[in-house]
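Q: I would like the atomic coordinates for the input below:
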Amino acid sequence: MPKGNLAPGATTISELLRAPSGRIQLGTIDPRSTPGFKGKKADGQAALAAHQTRLEDLQEQLFAQGRAGGDRSVLLVLQGLDTSGKGGTVGHVVGAMNPGGVHAASFGPPTKEELSHDFLWRIRAQLPRAGKVGVFDRSHYEDVVTVGVLGLADKATIGRRFATIKRFEERLADGGMEIVKCYLHISPDEQRARLLARLDDPTKQWKYNPGDLATRERWMDHVEAYERAMARSSTEAAPWHIIPADRKWYRNWAVSAILIERLEAMGLDWPKPDYDVEAERTKLLAMP
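A: The predicted structure follows:
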């Protein structure tokens, strides 16, 4: 467990940032805060580098166990408003792992084929196999949050989807998958700054989507939808974590810390070889 920079009184980052039970009020959580971390940006970047090394080792152990017949896997779900840093988190946190042991998927508006199936069809197709770390940049929660805000489904349908999601995630957890759900909590001011930065930089203008402004106009509708979604779907099997995301370095540090804690709690180890090590050594040394 990454304890090095925990603030006094904190136990684990997972517990510290876990969404509270009952009603969730994102307005009471400062997006620029750094709960659980004592230090400045440079300290956070140094701590992240240490996390990346630890994540690489843990992911390799998970992958090795999968190759040896293990059934464990990890799924990191990233949600948040536009520019909250889902892609950046993938790059700085999951990017530290061996690509051969990672499966990343990004979910935009459903295609015509995807709409012809139930809403979890495209999600099931992208789940990580045993031994792998999967990461979702947006996920099945778009079908209860964004769909609800845009009025693309009625309340009864949204309610049924929540029930389906909870059963779905519980089955995944029962099958050996660790589910880590992170909501990246960004402020309107920080979002404006990041959108302006995209417009001002020709190398980043491709990231800008005029449709982001339509979402921004309904900021509170989306925030309230996320509050309801997390309250209805944060469970022991698949808890939500609220990550203050105005400071990119802290966002990356916090998500990596939670992943390390969850991976370490899995009790990973190197699988024992199913062959005689000394016999193989002797045969190899005898070869020309």
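
Q: just checking, next helix/strand downstream of the helix or strand that contains Lys166?
A: Lys166 is part of helix 155-174 when elements are defined by DSSP states H and E. Next in sequence after helix 155-174, counting helices and strands by DSSP H and E, comes strand 177-185.

Q: can you give me the mean pLDDT across that next one?
A: In this model, strand 177-185 has an average pLDDT of 98.

Q: neighbouring strands - and their directions - for that strand?
A: strand 73-80 (parallel), strand 240-244 (parallel) (DSSP bridges).

Q: select, out of the ones you listed, the one closest to Arg32.
A: strand 240-244 (6.5 Å; Cβ to Cβ). Bear in mind the C-beta positions are built from the backbone N, C-alpha and C, glycine included.

Q: contacts for that closest one, please.
A: With contacts defined as Cβ atoms under 8 Å, 6 or more residues apart in numbering, strand 240-244 is touched by 14, 17-19, 24, 26, 29-35, 180-185, 230, 233-234, 250-251, 254-255, 258.

Q: that older thread, may I see the buried residues of the helix holding Lys166?
A: Buried residues in helix 155-174, counted by 16 or more other Cβ atoms under 10 Å: Ile158, Arg161, Phe162, Thr164, Ile165, Lys166, Phe168, Glu169, Leu172, Ala173.

Q: want to throw these into TSV with pLDDT?
A: Formatted as TSV, these follow (pLDDT from 0 to 100):
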residue	pLDDT
Ile158	96
Arg161	97
Phe162	97
Thr164	98
Ile165	98
Lys166	97
Phe168	98
Glu169	98
Leu172	98
Ala173	97
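
Q: columns mean pLDDT and distance to Gln65 on top of the strands paired with strand 177-185, output as TSV?
A: Output for the strands paired with strand 177-185, formatted as TSV (pLDDT from 0 to 100; distance: least, Cβ to Cβ, whole Å):
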stretch	mean pLDDT	distance to Gln65
strand 73-80	98	10
strand 240-244	98	25
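
Q: so can I have TSV of these showing distance to Pro273 and mean neighbour count?
A: Shown next, in TSV, are the strands paired with strand 177-185 (distance: least, Cβ to Cβ, whole Å; neighbours: other Cβ atoms under 10 Å):
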stretch	distance to Pro273	mean neighbour count
strand 73-80	22	24
strand 240-244	37	24
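
Q: between the ones you listed, which one is closest to Gly95.
A: Of all the strands paired with strand 177-185, strand 73-80 sits nearest to Gly95, with 12.2 Å by Cβ to Cβ.

Q: just the CA trace of the closest one, in PDB.
A: Provided in PDB are the C-alpha atoms of strand 73-80 (Å, rounded to 0.1, in the frame of the first residue of the first chain):
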ATOM      1  CA  SER A  73      -8.400  -9.600 -13.700                       C
ATOM      2  CA  VAL A  74      -8.800  -5.800 -13.000                       C
ATOM      3  CA  LEU A  75     -11.100  -3.300 -14.600                       C
ATOM      4  CA  LEU A  76     -10.500   0.400 -14.200                       C
ATOM      5  CA  VAL A  77     -13.600   2.500 -15.100                       C
ATOM      6  CA  LEU A  78     -13.000   6.200 -15.700                       C
ATOM      7  CA  GLN A  79     -15.900   8.700 -15.900                       C
ATOM      8  CA  GLY A  80     -16.100  12.400 -15.800                       C
END
